[in-house]
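**Student:** Return a 3D structure for these sequence lines:
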Amino acid sequence: MKTWNCLCFLACLLIIFSCRKDEKTITINDEFEKYTQLIATNSIIVLRNERNDLISGAVMTLDGTQYTSNSDGLIFLKNVPLKNTGHLVQISHPLYFKTGKRIYPKKGIIELHLISKGASLQFSSQTASTVTFSGVSYQFPANALIDVNGLEYKGDVKIFSNHLNPVNPNFGAMMPSDLRAYDSDGKSVYLTSYGMVATELYGSNGQSLQIAPGKKVKISMHLDSGLAASAPNSLPIWYISDQSSNGIWKEEGRAIKVNTNYEFEVTHFSFWNCDVPGNYVNLKGQVKNLLGNPIVNLWVTVTVNGGPSGYATTDLNGKFEGLVPAGVDIKIKIEEVCDVSMYVKLYEANVGVLSADTDLGIIQANNQNINTYTFTGKVDVCPPNNLGTSYVKFTSNRGVQYMILNSDSSYSFTNNCLNLGESVSFEAADYTNGFGSGPTSITLTSQRNVQLSNLTICTPFDEYVSVSYNGSQEYYYKRDGQVLIIGIYQDSSTVNDEYGFYFFGSGLESYSNFIYSGLNVASPFTSFKLLGSLINGTSMNLVCTQCLNIEMSQFDKSGGYIVGKYWGTSGQNSVSGKFRIKT
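**Tutor:** Model prediction:
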């Protein structure tokens with residue numbers, strides 16, 4: 001069953017990334033983990049930003065293992081144990097705020113959203129400065145910052161900030177972790193939030209900066225007009241660092257409402273949140289369409305009347321479940337989220353005041369006037385191949401979606417965001433064997449239940465590089481000319497017949513040099529570097545000289561193909577692979 005992300009409500013998140021060195025030690029009464037079980041999970045994680053764009057090259061850390069999103073913004077989890085109460089992962093990317101997210105065991109697609117850093121502002125650390133972004137401002141005293149070594153920083157400071165407004169429909173998806181928290185006494189609570197902010201500081205050499213001991217920075221966060229009437233005059237503030245091992249907020253300090261802003265002081269930069277703790281009850285239900293079929297991946301929003309809201313998504317059985325505030329009047333809304341600018345409302349109702357756990361039972365979504373299309377299909381392979389790590393990509397005017405296959409290689413999904421006469425396409429790819437189906441396009445008609453022709457994964461990738469690391473499964477990566485780039489070029493700066501061999505993107509990074517010695521002749525790399533992670537999450541780090549070999553079976557530098565293989569061992573690590581590159 002799908003769990004909320006979390007039906008706890010959203011406010012002052014201040015994202016400033018550094019490990020807190022003076023955290024208060026408290027005795028934890030942890031109610032969050034008492035029903036925890038580990039469930040083996042096969043899923044595809046899709047990483048997107050607030051505009052729904054796919055994010056490639058993001059690094060996700062799960063229990064010490066690093067995964068990197070490929071050129072389609074995907075991370076594959078194969079038989080990975082996840083907590084049924086939510087498993088914390090940390091995600092980082094140079095263009096986005098580093099943040100913890102909680103994922104749940106399910107078969108299929110898990111969509112996670114990152115917060116863009118956007119444009120930065122600059123100020124001098126040696127003078128008192130006020131820096132203002134949309135929705136948030138900072139008051140820095142002079143000489144108040146230190147670097148990662150604890151030394152006073154003097155110079156220009158680059159600051160990134162992003163205010164998250166809890167009335168924004170994307171707020172729940174963008175926030176870090178969920179709203180589980182420990183109060184100042186160590187009691188487990190859930191939070192009702194009134195806004196969030198993300199912040200990162202960097203010095204002139206790109207070094208991360210923090211607030212110096214004994215100094216404080218004042219933050220003023222705008223309070224949305226829709227929440228002003230219900231917002232308390234004072235509330236606790238909460239933080240969560242990017243080094244948090246459990247993704248749970250901790251109480252530290254208070255914010256005061258001044259006109260239409262919450263003002264508070266902080267002694268360290270991390271995620272911050274202005275929230276009210278409260279008692280909660282469990283709310284669940286199941287969403288079905290007018291034909292009685294469950295509807296997957298709908299956006300379920302529960303709102304405190306006159307206050308903030310939280311969200312969940314329906315699982316493969318159309319079910320949702322999570323914690324909501326007790327003792328207050330709440331309402332529920334169910335929508336299909338097409339993209340950041342289009343939401344199709346399927347259901348809305350007042351729930352009332354809850355004092356005990358509640359099951360809403362079956363909710364019938366009134367989608368008879370919505371262009372709901374259900375697609376069903378299957379993937380075949382050409383003998384003697386077996387189907388490896390594969391997915392189906394669906395492309396429409398609203399963007400790209402991905403489907404993981406059932407055990408019988410079938411797939412099925414419903415979309416409420418399509419239009420009659422629109423052209424959509426389907427394509428399957430197999431990373432294990434390096435084969436694809438190519439795209440199949442159809443034009444949508446009035447027939448809403450669409451049985452698709454089988455997608456046959458039969459065509460080898462035309463240009464590719466494959467990688468096996470320390471005896472892992474060999475995975476093939478298709479050159480797409482944009483994110484995944486591979487090539488071989490002659491290095492004109494050398495006196496020998498030296499070449500550079502490179503591939504990067506889709507979680508891979510390799511730059512190497514070798515001297516070409518002819519066809520079917522093994523030549524040592526004069527230098528070799530391979531970093532990143534494979535589709536299955538295997539982390540790679542191999543940098544050496546004169547330790548690996550490369551061999552060409554075809555070497556046409558004038559509009560033909562360069563085909564070959566590479567292999568070798570350095571210390572405890574070994575790597576091998578193949579490549580085919582069109583010149």
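**Student:** Strands of the stretch 151-300 of the chain, start to end?
**Tutor:** Per DSSP state E, counting those that start in this stretch, the stretch 151-300 of the chain carries strands over the ranges 156-164, 180-182, 188-202, 210-211, 217-222, 234-240, 249-258, 261-266, 271-278, 280-288, 299-304.
**Student:** The third one vs strand 280-288, what angle?
**Tutor:** Counting by axes from the mean of the first three to the mean of the last three C-alpha atoms, to 10 degrees, strand 188-202 lies at 80 degrees to strand 280-288.
**Student:** Now do strand 188-202: distance to the chain's middle.
**Tutor:** The chain centroid and the centroid of strand 188-202 are separated by 18 Å under C-alpha atoms, centre = their mean, to the nearest Å.
**Student:** what packs against it?
**Tutor:** Taking 3 or more C-beta pairs under 8 Å, 6 or more residues apart in numbering; DSSP states H and E as contact, the helices and strands that strand 188-202 lies on are strand 14-15, strand 96-103, strand 156-164, strand 180-182, strand 217-222, strand 271-278. For every residue, glycine as well, the C-beta is placed using N, CA and C.
**Student:** Could I have the CA atoms of it written out in CSV?
**Tutor:** Provided in CSV are the C-alpha atoms of strand 188-202 (Å, rounded to 0.1, in the frame of the first residue of the first chain):
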residue,chain,number,x,y,z
SER,A,188,8.2,11.4,18.2
VAL,A,189,5.7,13.8,16.6
TYR,A,190,4.4,14.8,13.2
LEU,A,191,4.4,18.3,11.9
THR,A,192,2.1,20.8,10.3
SER,A,193,4.2,23.2,8.2
TYR,A,194,3.8,26.8,7.0
GLY,A,195,6.6,27.2,4.4
MET,A,196,10.2,26.0,3.6
VAL,A,197,13.5,27.5,2.3
ALA,A,198,16.5,25.9,0.8
THR,A,199,19.9,27.6,1.2
GLU,A,200,23.5,26.8,0.3
LEU,A,201,26.6,29.0,0.7
TYR,A,202,29.9,28.8,-1.2
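**Student:** Pipe the strands of the stretch 151-300 of the chain into a markdown table and attach distance to P384, mean neighbour count and mean pLDDT per row.
**Tutor:** A markdown table is the format used below for those (distance: least, C-beta to C-beta, whole Å; neighbours: other C-beta atoms under 10 Å; pLDDT from 0 to 100):
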| stretch | distance to P384 | mean neighbour count | mean pLDDT |
| --- | --- | --- | --- |
| strand 156-164 | 52 | 21 | 94 |
| strand 180-182 | 50 | 23 | 85 |
| strand 188-202 | 51 | 26 | 86 |
| strand 210-211 | 58 | 22 | 96 |
| strand 217-222 | 61 | 21 | 96 |
| strand 234-240 | 51 | 23 | 92 |
| strand 249-258 | 54 | 19 | 94 |
| strand 261-266 | 62 | 20 | 96 |
| strand 271-278 | 52 | 26 | 86 |
| strand 280-288 | 43 | 19 | 89 |
| strand 299-304 | 44 | 21 | 84 |
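**Student:** and those strands as JSON lines, adding distance to N513?
**Tutor:** Below are the strands of the stretch 151-300 of the chain laid out as JSON lines (distance: least, C-beta to C-beta, whole Å):
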{"stretch": "strand 156-164", "distance to N513": "35"}
{"stretch": "strand 180-182", "distance to N513": "50"}
{"stretch": "strand 188-202", "distance to N513": "33"}
{"stretch": "strand 210-211", "distance to N513": "40"}
{"stretch": "strand 217-222", "distance to N513": "48"}
{"stretch": "strand 234-240", "distance to N513": "44"}
{"stretch": "strand 249-258", "distance to N513": "49"}
{"stretch": "strand 261-266", "distance to N513": "48"}
{"stretch": "strand 271-278", "distance to N513": "43"}
{"stretch": "strand 280-288", "distance to N513": "57"}
{"stretch": "strand 299-304", "distance to N513": "50"}
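**Student:** Can you tell me which of those is nearest to Q490?
**Tutor:** strand 188-202 (38.1 Å; C-beta to C-beta).
**Student:** Just want the angle from that closest one to strand 271-278.
**Tutor:** With the same axes, to 10 degrees defining the directions, strand 188-202 sits at 160 degrees from strand 271-278.
**Student:** State the distance from N385 to P460.
**Tutor:** 10 Å (C-beta to C-beta, to the nearest Å).
**Student:** Kindly state the pLDDT recorded for the closest residue to D480 other than its chain neighbours?
**Tutor:** Spatial nearest neighbour of D480, excluding adjacent residues (C-beta to C-beta, 6 or more residues apart in numbering): S71 at 5.7 Å. Among the per-residue scores, S71 holds a pLDDT of 74.
**Student:** quick one, which of the helices and strands packed on strand 188-202 is nearest to N289?
**Tutor:** Taking C-beta to C-beta, strand 96-103 is the member of the helices and strands packed on strand 188-202 nearest to N289, at 26.8 Å.
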